[in-house]
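Peer 1: with the input below, show me the fold.
(chains A and B)
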Amino acid sequence: MSRVGEAGKRDAGVRSDCWIGVELEDSGGIRISLQSKVADLYGRAIHAQLLEGCGALGVEHAVVTVVDMGALPYVLAARLEAAVRRAGHAPALPWLLPARAGLDRASERGRLRRSRLYLPGNEPKFFPNAALHGPDGLILDLEDSVAPAEKDAARALVRNALRAIDFQGAERMVRINQGVQGLADLEWVVPHGVQLVLIPKVEDPGQVVEVDRRIAELGRPGVSAPVVHLMPIIESALGAWRAYEIAKASSNVVGLAIGLEDYTADIGAQRTVAGAESFWARAQVLNGARAAGVQPIDTVFSDVGDEEGLRQSVVEAKSLGFVGKGCIHPRQIAIVHDAFAPTGDEIERAVRIVRAYEDAEARGLGVVSLGTKMIDAPVVKRALATVDLAVRMSRLDAEWREAPLPPFRAVRNVSGGAE
Amino acid sequence: MTRLVQNAAGRLVPVEINGLTAVPFAGVGRHHPTGRRAGPLLRSCADYPADGDKTVESLKQALVNAGLQDGMTISTHHHLRNGDLVANLVFAAAAELGVKNLRWFPSASFPCHDGMIAHMENGVIHHIEGSLNGPLGDFCTDGRMRGMAVLRSHGGRWQAVQDGEVHIDIAVIAAPTADPFGNATGDRGPAACGLLGFALADSQFADHVIVVTDNLVPFPCVPWQIQGNNVDQVVVIDSIGDPAKIVSGSTQITKSPDRLLIAELTARFCDEAGIIRDGFSFQAGAGGTALSFGLFLRDIMRSRRIKARFVRGGSNQYLVDMLEEGLTDYILDGQTFDLAGVRSMRENPGHVNTSPFTSYNWHGKGNFASMLDAVVLGATEVDLGFNGNVVTHSDGRLLHGIGGWQNCLFSKCTILPIPSYRDRIPVIVDEVTTLCGPGELIDVIVTERGIAINPLRRDLTEALRDSSLPIRPLIDIKREVEDLCGGAAEKPRLGKRVVAAIKWVDGTVIDAVRQLEK
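Peer 2: The predicted structure is shown next:
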């Protein structure tokens, strides 16, 4: 068994991270050698934390070498744990940092999921401030953005981040790996406050069932029926073919997402801006999701420099029926939210229809009409959904029934000016 | 050991700096100067060439002609920023001449001046009065500089010179273009840098003025920023500066999403506070966040069809675009950060040259800074009293100059957009390590975690009462950050010896920097 392990980063230009090397010894206690950018300010705190960590992990004798570039405590803890494990020492218990309040709270099944921001699971510098950009969901990613050799280090970091970071109302999401590795990932996130698990490259409803079963086994401490929502991602021809079955695989599925990079490769096409090659799959995922009663969620828009392109892409996704889009940069979030919001005209029309409907109901009329036009039930249903969405996106006052028309707020666009 | 007294801000400051009496800070606006300004020596045309040709063959000869002696004060300027070659040439020549114990009085120093450390070690330079960055800052904070450093704002530098507090023996002015008479400009030439305003006081008050250029044109050099009538000698050298490094690296829009968020919040704050209206004015610094603020502001101005009366530079591409687009009537420029600024200064009558005298000097009959509706500045630290620090970091090391920062605090609304922590280091502290600006002048602190309004500004709090912006007490933001960073940082171990004095805009001493204990 190896007696030496290391974790973290120490290349030039690394910030808010650290490198920790651990040599397990048979005697001599814990000897710490610390080189830190913040030694004058946090040297003693780092020293104390490392000693505490060695104790918690059951390491009695070791030489611990730290090169610190301003890592926050939850990062130092994750790097130490990864280094200790890599040195061949399996701790009897994990070293858990104090959990934030509310970590055992499930998210609302039907909550807004317009934007989900992907954060590479082994890049701690992005974690603490990501929620400040107001995404509906934050994804700590253990899959594609983490190199195969760093999966273990990322697990410790993601677990610590779930416990330490304030998500400020964003849904706490984790994308696990495929297959067995993904099932093993769950142990690191399910007891620590994850609210939604994204399952990549799903082609078979059985994959969803397996994840769901493993989550149920893990549970949350003190809570008998854990609710962790699931969002399978369709990224292949076969997955698209089975979209409905996959969406129906578990009652914990709340949304079905499509990932187009892998899908287009799988069908042997090039991804184009117009997207004709993926239209069928998107429509299939959308229909599958709607048929199963879950949210249809569109792919990411990967050109972070093209704000107008993103806006058009969201408008197009919305027109097809999607309710969410993936983001890879915080500046995309406000644009996505803005483009998914009902427009002023849509809201005004919806409010008129809902008023006419409520008025007809109050008067006991069987037929709803607006002006000279009769209104069908599905139209009313859609208008109610639009009004509901407008209120949730702060585009319509919750007290709109009390207000004269038009009850709409002046809406700020992304750049800060008024529309 | 210099005696220390407690000043009006509660800071212990020296009453004597390098053998001269110093006045402790008495409060904002409390210290009133008396007497007359300093004046340069009387001279006669009889002693200068009637044909106007003041050129001499070398910088070394010019220094000899100027009567360079031990203990003199030599000034240089930072308009060539990190591309400056002249200051290094001056002290290399002084070293060759065997002169010792000089006082270097730059308007600011840059990493290209790190070679001055060797001149301090071998005794050519006694101490520096100007900004102390990077290795120079470490040299000073480690207690290795013989004299006490003095840090002044741009306005404070003018005030010190005109008040006679700093007597400049020899001013050496790097000039991108000059004529043999000494008329000089920075807006053209191979090392064009824009404005030479920081050298203006020196040209008027120094005993001896040397213009150094690499682009000599026949008389007259027009328009001139430095008047030849103030100049003693002109030296032509191969190159005064490296053009690639003259354009400041800080004029890049930030790509950091957090900084962009801070910039956007700042612009929205200005909007909701009613600052952005026809005829308003603003000044933003050269950092990435400040530049991005300018872009968000521009978008608001465009969408509301609002036009500013003037903006104060540091000019750059973005301000020039606003001027050319008609979003402002004037740029009142204090220094020029990029070539777009230089071109605009040369070509656009709406791009106006200013100086620390017009913009910042506290001992004058008013200045432009206090007329601004809003300024957007940086800081290394702020404290719960809204006091600001720009010269040291929380570890007590000198790292930055004051620049125009103190002078700008007098605007109608002073806003500091700053991150709430850097790496692990909280930016909001109980008490700033070094006091540079009193909290009564700092109105708003904008972080990525929320906006704190100084409780003294009830009007702003009232104006933003129903705002959707994240307005929070400063202490809440501080607690949240300390929670993230694992508690408040330890205090640096400060020694007894004062290594630098921080001047306030009126020449009084607002704080002192101590040597760091090993």
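
Peer 1: C-alpha only now, for contacts and for neighbours.
Peer 2: Noted.

Peer 1: give me the phi and psi for the residue most central in space within chain A.
Peer 2: Note on chain A: the residue nearest the mean C-alpha position is A:I139, at 2.8 Å, using Cα atoms, centre = their mean. In terms of degrees, to the nearest 10, the main-chain angles of A:I139 are phi -100, psi 120.

Peer 1: help me confirm that it comes into contact with A:F167.
Peer 2: No - counting by Cα atoms under 8 Å, A:I139 stays clear of A:F167, with 10.6 Å between them.

Peer 1: ok, residue 194 - contacts?
Peer 2: By default, I'm working from chain A. For A:V194, the contacting residues are A:L162, A:R172, A:M173, A:V174, A:V228, by Cα atoms under 8 Å, 6 or more residues apart in numbering or on different chains.

Peer 1: um, chain B though
Peer 2: Applying Cα under 8 Å, 6+ apart, the residues near B:G194 are B:H79, B:T185, B:G186, B:D187, B:R188, B:Q335, B:T336, B:F337, B:L339, B:G341, B:V342, B:M345.

Peer 1: for B:V28, same thing?
Peer 2: B:P438.

Peer 1: what about 6 Å?
Peer 2: B:V28 makes no contacts at all, as judged by Cα atoms under 6 Å, 6 or more residues apart in numbering or on different chains.

Peer 1: tell me the SS of it?
Peer 2: coil (DSSP: H, G, I helix; E, B strand; the rest coil).

Peer 1: cool, the one 5 residues further on as well?
Peer 2: The three-state label for B:P33, taken from three-state DSSP, comes out as coil.

Peer 1: might you report the residue contacts of it?
Peer 2: Counting by Cα under 6 Å, 6+ apart, there are no residues that B:P33 touches.

Peer 1: B:E325 versus that one, what's the distance?
Peer 2: 43 Å (Cα to Cα, to the nearest Å).

Peer 1: what's the answer for A:V180, then?
Peer 2: For A:V180 relative to B:E325 (Cα to Cα), the value is 60 Å.

Peer 1: any idea how far B:E57 is from A:I258?
Peer 2: B:E57 is 75 Å from A:I258, by Cα to Cα.

Peer 1: between these two, which has more neighbouring residues?
Peer 2: A:I258 (31 against 11; other Cα atoms under 10 Å in any protein chain shown).

Peer 1: got the contact list for that one?
Peer 2: For A:I258, the contact set (Cα under 6 Å, 6+ apart) comprises A:I233, A:I234, A:D298, A:T299.

Peer 1: for chain B, which strand is longest?
Peer 2: strand B:494-503 (DSSP state E).

Peer 1: state the mean pLDDT of it.
Peer 2: Averaged over strand B:494-503, pLDDT sits at 95.

Peer 1: neighbouring contacts of it?
Peer 2: Contacts of strand B:494-503 (Cα under 6 Å, 6+ apart): B:148-152, B:509-517.

Peer 1: 7 Å instead, please
Peer 2: B:140-141, B:143, B:148-152, B:509-517 (Cα atoms under 7 Å, 6 or more residues apart in numbering or on different chains).

Peer 1: ok, back up a step: in strands, which of the contacts of B:G194 fall?
Peer 2: Per DSSP E, the contacts of B:G194 map to strands at B:T185.

Peer 1: closest to B:G27 out of the contacts of B:G194?
Peer 2: Minimum distance to B:G27 across the contacts of B:G194 is 29.3 Å, recorded for B:Q335 (Cα to Cα).

Peer 1: quick one on the thing from earlier: which of the contacts of B:G194 come close to chain A?
Peer 2: Checked against chain A using Cα under 7 Å from any Cα of the partner chain, the contacts of B:G194 give no members in range.

Peer 1: ok, the contacts of B:G194 vs B:G228, which is closest?
Peer 2: Using Cα to Cα, these come closest to B:G228 at B:T185, 10.6 Å.

Peer 1: good, we can wrap up now.
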